[in-house]
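Novice: Based on what follows, work out the 3D shape:
(chains A and B)
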Amino acid sequence: MKKLLYSFLFASMLLSCANQTNQKKEDKPTQLAALTVDELQSKAKDLVGKEVVVKGTVTHVCKEAGARCFVMGSNEDINIRIEAGKIGSFTQEQMGSDIEVRGTLREVQIDESDIKEMQTSASEGTPVNKEHALGHSGQAMHNVDGGKHDSTSQAKKLEQMNQKLAESKEGYVPVYYIDGIELVKK
Amino acid sequence: MNFRKTLRSLHRDFGYFVVGITFVYVVSGIAMNHRQDWNPHYSVINEEITVPSNDQMEYSKDEINAILRKFVNHPVYKKHYITKDATVKIFVEEGTVIYTPLEGKAELELLKRRPFWFQINRLHLAQTDRAWIWISDAMSIILLFVTISGLFLLKGKYGIKGRGLWLTALGIVVPLICILFLLT
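Specialist: Modelled structure (predicted):
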């Protein structure tokens, strides 16, 4: 009995140490003004690497484990991907809800070779959606995971991506996403 | 105090303690290993209905609700918008409806949480409160202790100097082969 007591004492010490560390590392509360997706996308270039708060309607949640979601602005073309990160995960129940998320804005640069790779894989019937640059559509998993009706627009999105690349002075298409820190409003 | 006797007691007590978390990780691990064959978190319900086709480009909440009422699964309205492709995307509780007025069809997709699986998968993926991350870390350390202490419990030909060594080596070699040959 004594040994059992020592064993669990050791276990609870481990847990309490862990909790103390957790409290010290609490994220500071946000003071940032919430931007709409439209506002964020228009200012995105200057906000890369910075903390932002964005608000919008959830149009898609990753059906596998809720690791990411897409939030829409004034129309379906204006949206942003949010990686759950420290938030943990998003749930399907959040689809269609207005949320507010604090996170760090990141940029992915999609160049000609990336687009070619996506076009080749799409033509081979094994679509690749590099860095989710094409939004949430076009994944082969959809017959299992649901969402199969979304895959039709992938070819159109690749076409748009090519057009953006042709107009780009930098030689790449920037795709922005947010590394989630906190779900300010569920 | 005899070292092996103490180790045995600790191994036994901690072993009892980690039965629950081992169960969570193992069962959800198997479930998620096969995620290409099924969705371990949600069950997917699909339903398609036909409605009179039209070329209307705006819909009120009442009009959308009238369409939703035709589904057997009774989806509950949340929000809707019209896409550029002239379809109406309707968000409902636990899913979506894609309504194509020109074709006169509406497709419902409901994603319902799989009871038990949804919860244990979330624990496995640490998609919970931060406290669980620390709790599972601590329990994983205990699990590691149980594993390592188990190596030294027996003496003789069935212990780590005999059969135990070979079986332990085999258990290490299997994932090692996968890393070397399947992941490179």
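
Novice: How many residues are close by the residue in chain A that chain B sits nearest to?
Specialist: At 2.5 Å from chain B, residue A:96 is the closest residue in chain A, using Cβ to the nearest Cβ. All C-beta atoms are positioned from the backbone trio N, CA, C, and that covers glycine. Applying other Cβ atoms under 10 Å in any protein chain shown, we find 21 residues neighbouring residue A:96.

Novice: in what helix or strand does the closest residue to chain A within chain B lie?
Specialist: For chain B and chain A, the shortest gap (Cβ to the nearest Cβ) falls at residue B:91, measuring 2.5 Å. Per DSSP states H and E: residue B:91 is located in strand B:88-92.

Novice: what comes into contact with that strand?
Specialist: A:59, A:76, A:95-96, B:59, B:64, B:67-68, B:75-83, B:96-101, B:108, B:110 (Cβ atoms under 8 Å, 6 or more residues apart in numbering or on different chains).

Novice: ok, of those, which come out buried?
Specialist: By neighbour count, with 16 or more other Cβ atoms under 10 Å in any protein chain shown, the contacts of strand B:88-92 hold A:59, A:76, A:95-96, B:59, B:64, B:67-68, B:75, B:77-82, B:96-101, B:108, B:110 as buried.

Novice: can you give me the strands for the chain?
Specialist: Just so you know, I chose chain A. Secondary structure of chain A, counting by DSSP state E: strands at A:34-36, A:51-61, A:68-72, A:79-83, A:98-110, A:173-185.

Novice: oops, chain B please
Specialist: Listed in chain order, the strands of chain B (DSSP E) span B:42-50, B:77-82, B:88-92, B:95-100, B:105-113.

Novice: now for those, which one comes closest to residue B:183?
Specialist: Smallest distance to residue B:183 across the strands of chain B (Cβ to Cβ): 28.8 Å, for strand B:42-50.

Novice: who does that closest one touch, helix- and strand-wise?
Specialist: Packing partners of strand B:42-50 (3 or more Cβ pairs under 8 Å, 6 or more residues apart in numbering or on different chains; DSSP states H and E): strand B:105-113.

Novice: residues near residue B:174, how many?
Specialist: Here the count is done by other Cβ under 10 Å, and residue B:174 has 9 residues near it.

Novice: For residue B:159, see how far away it is.
Specialist: Distance, residue B:174 to residue B:159, by Cβ to Cβ, to the nearest Å: 21 Å.

Novice: so who does the residue nearest the centre of chain B touch?
Specialist: Centroid-nearest residue in chain B: residue B:121, 3.5 Å away (criterion: Cα atoms, centre = their mean). When contacts are counted by Cβ under 8 Å, 6+ apart, residue B:121 touches A:65, B:28, B:31, B:32, B:40, B:41.
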